[in-house]
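**Q** mind folding the following:
(chains A and B)
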Amino acid sequence: MTTHPSPQQSNQRPQVSTFSAFQATLRRDLLIALKRRNDLLNPLMFFLIVVSLFPLGVSSDPVQLTSIAAGTVWVSALLASMLSLDNLYRADYEDGSLEQLLLSPQPLYFMVLAKNIAHWLISGLPVVLLAPLLAYMLYLPADAYWTLVFTLLLGTPVLSLFGSIGVALTVGLGSRGLILAVIVLPLTVPVLIIGAKAVADASLGVSLGMHYALLGAILAMSLSLAPLASAAALKISVN
Amino acid sequence: MWLWFSKLGSPKWFYELSSKWLPWLVVFMAVAMTVGLLWALLFVPEDYQQGFTNRIFYVHVPVASISLACFPLMAGAGVITLVWKMKLADMVAKSAAPIGAWFTAVALITGAIWGQPTWGTWWVWDARLTSMLLQFFLLIGVIALRSAIESPDAAAKACALLSIVGAINVPIIKYSVEWWNTLHQPATDLTMNENGANGPEIWVPLLIMIVAVYSFFVISLILATRNEILVRERRSQWVMDIVAREKV
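**A** Numbering: from 1, shown residues only, chains lettered A, B, ... in the order given. Next comes the predicted model:
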């Protein structure tokens, strides 16, 4: 950053390898999140509050709650991930570091991937870890707990990856909160359907191989394609 | 080939060509629509199970089938916008989004009107109904994004990207929803065999209605695109000439 490369050097390959740039971006985003505890806590609190609204709104009857437990936890995880999406590029856009990222010689795909992984570690993973507790409060049958955790582990990264496309498209806009939800939520339907159905099927004792295979396929596809779309969207949004 | 391609991308050329074609297309659509509607509503034999209500089939099926073509159309236009930066493709994509949303809404509404007497309910969370609803949401998302971005150039690219992402997702959503729940009768089989339940007195009017509704869609799209061309090219000389001519 401080020294300008000589013309000869600039013709050579970039001195920073893609992998170390990837690591640096990942570490930077995680550090920022650790310094701003609110970003870390708020999605989690939101998740907790939304889930506890369902018994208040529906019924405290254990039988009814058992039947909606899987869907409730999944929908709340989806909404929590939606709420935290804005952290992904917003601050970077405002302080100009997003432009630096776009100008850097590193492939944008990996930089976006690093930011998405950081976002999942910050907002997705805590939700996954908190989910069994909330499932217990909703009387989810005990044999569905691991299914809930595993499907969320496979599904929440997809939410971050899809959400990233939406944030990248809307990062420069003034009123973007609602638009973001309108754009991203329909895209996340397959994950929601398969995840919630897997948890519901687990308590029925149905074999779950197909559910995991489908979720894994969606994750693999979005890991490889979604950062490309996010990168293209960032280039459109940041002129 | 490339000359033709760049000519096609010129809004002025499209405007002039569509001025010539539009009257013929309107006449064709009016004839097909009149024949199709009269035939379907008055002369087609009643369904032995569903009775008179079955006739809404002749509106519902064509509308639903063209609304499914809307996302591929927008995604195709999006690819052209992003790769060749053709202005006309974006104008078509912009015009197609609200028309597609309307067709999707009409398909949902006619489906509900059909569903009420036959299934006994206006709405079920059936696979095909749900995936139509989700397609409607996706289209609303594209329209909302378009209206939120002020710069037309950035809006064009952003909507193109979102349409492509949406078009990749539409089949995934469709299959996941289908896997989740299915009640809807299977898609209408247009294979024209004599043994099947659908004799020619059923499928010929349907075919006419499909042609009529498709041309109605194309006419709406051309008219909306022409408006978009006039708005965006309002500073160019040929548009000013047209405006001056029409006023006098």
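
**Q** can you tell me the closest non-neighbouring residue to the residue nearest the centre of chain A?
**A** The residue lying closest to the centre of chain A (CA atoms, centre = their mean) is A:S160, at 2.1 Å. Once flanking residues are discounted, A:S160 sits nearest to A:W120: 4.3 Å by CB to CB, 6 or more residues apart in numbering or on different chains. C-beta here means a position set from N, CA and C on the backbone, and glycine is covered the same way.

**Q** wait, the one you found touches A:T156, no?
**A** Yes: between A:W120 and A:T156 there is a contact at 6.4 Å, judged by CB atoms under 8 Å.

**Q** the helix or strand where A:I32 lies: how far from the chain's middle?
**A** A:I32 is part of helix A:18-35 when elements are defined by DSSP states H and E. Centroid displacement of helix A:18-35 relative to its chain, using CA atoms, centre = their mean, to the nearest Å, is 16 Å.

**Q** same for it, what does it pack against?
**A** In terms of contacts (3 or more CB pairs under 8 Å, 6 or more residues apart in numbering or on different chains; DSSP states H and E), helix A:18-35 is packed against helix A:37-57, helix A:108-119.

**Q** of all those, which lies closest to chain B?
**A** helix A:108-119 (13.7 Å; CB to the nearest CB).

**Q** and whichever helix or strand comes after the closest one, what's buried?
**A** Next helix or strand after helix A:108-119 toward the C-terminus (DSSP H and E): helix A:125-137. Neighbour-count burial for helix A:125-137 flags A:126-128, A:130-132, A:134-135, A:137 (criterion: 16 or more other CB atoms under 10 Å in any protein chain shown).

**Q** for stretch B:63-72, same thing?
**A** Result for stretch B:63-72 [16+ other CB under 10 Å]: buried residues B:63-68, B:70-71.

**Q** restricted to helices, list those residues.
**A** Applying DSSP state H to the buried residues of stretch B:63-72, the entries found in helices are B:63-68, B:70-71.

**Q** from those residues, pick the one nearest A:L169.
**A** Nearest to A:L169, judged by CB to CB, of these is B:F71 at 17.0 Å.

**Q** what helix or strand does the residue nearest to the closest one when sequence neighbours are not counted sit in?
**A** Nearest non-adjacent residue to B:F71, counting by CB to CB, 6+ apart: B:A167, 4.9 Å away. In this assignment (DSSP H and E), B:A167 forms part of helix B:152-180.

**Q** for the next helix or strand along the chain from that helix, packing partners?
**A** Downstream of helix B:152-180, the first helix or strand assigned by DSSP H and E is helix B:200-232. Packing partners of helix B:200-232 (3+ CB pairs under 8 Å, 6+ apart): helix B:11-38, helix B:57-84, helix B:87-119, helix B:237-247.

**Q** if we can go back for a sec, quick one: which of the helices and strands packed on helix A:18-35 is nearest B:D90?
**A** helix A:108-119 (23.6 Å).

**Q** which residues does the closest one contact?
**A** Applying CB atoms under 8 Å, 6 or more residues apart in numbering or on different chains, the external contacts of helix A:108-119 come out as A:18, A:21-23, A:25-26, A:29-30, A:33, A:84-85, A:87-89, A:101-102, A:104, A:157, A:160-161, A:164, A:168, A:223, A:226-228, A:230-231, A:234-235.

**Q** tell me the angle the helix holding A:I32 makes with helix A:108-119.
**A** For helix A:18-35 against helix A:108-119, the angle by axes from the mean of the first three to the mean of the last three CA atoms, to 10 degrees is 30 degrees.

**Q** picking up where we left off before, and the helix holding B:A167, how far out from the chain's middle?
**A** 16 Å.

**Q** before we move on, the earlier item: could you tell me the least trusted of the helices and strands packed on helix A:18-35?
**A** Among the helices and strands packed on helix A:18-35, helix A:37-57 has the lowest mean pLDDT, at a mean of 88.

**Q** re earlier: just the pLDDT at the residue nearest to A:S160, thanks.
**A** Looking at A:W120, the pLDDT reads 92.

**Q** can you tell me how far it is from chain B?
**A** For A:W120, the distance to chain B equals 19 Å [CB to the nearest CB, to the nearest Å].

**Q** quick one on the thing from earlier: and which of the buried residues of stretch B:63-72 is nearest to chain A?
**A** Nearest member of those to chain A, counting by CB to the nearest CB, is B:F71, at 11.7 Å.

**Q** quick one: pLDDT of the closest one?
**A** 87.

**Q** shaky segments in the chain?
**A** Since you didn't name a chain, this refers to chain A. Scanning chain A for pLDDT under 70 picks out the ranges A:1-14, A:176.

**Q** meant chain B, my bad for not saying
**A** Short version for chain B, where the test is pLDDT under 70: B:1-9, B:46-52, B:181-200, B:247-248.

**Q** what residues does it have near chain A?
**A** Contacts of chain B with chain A, taken as CB under 8 Å from any CB of the partner chain, map to B:82, B:134, B:137-138, B:140-141, B:144-145, B:148-149, B:154, B:157-158, B:161-162, B:164-166, B:168-169, B:172-173, B:176-177, B:179-180.
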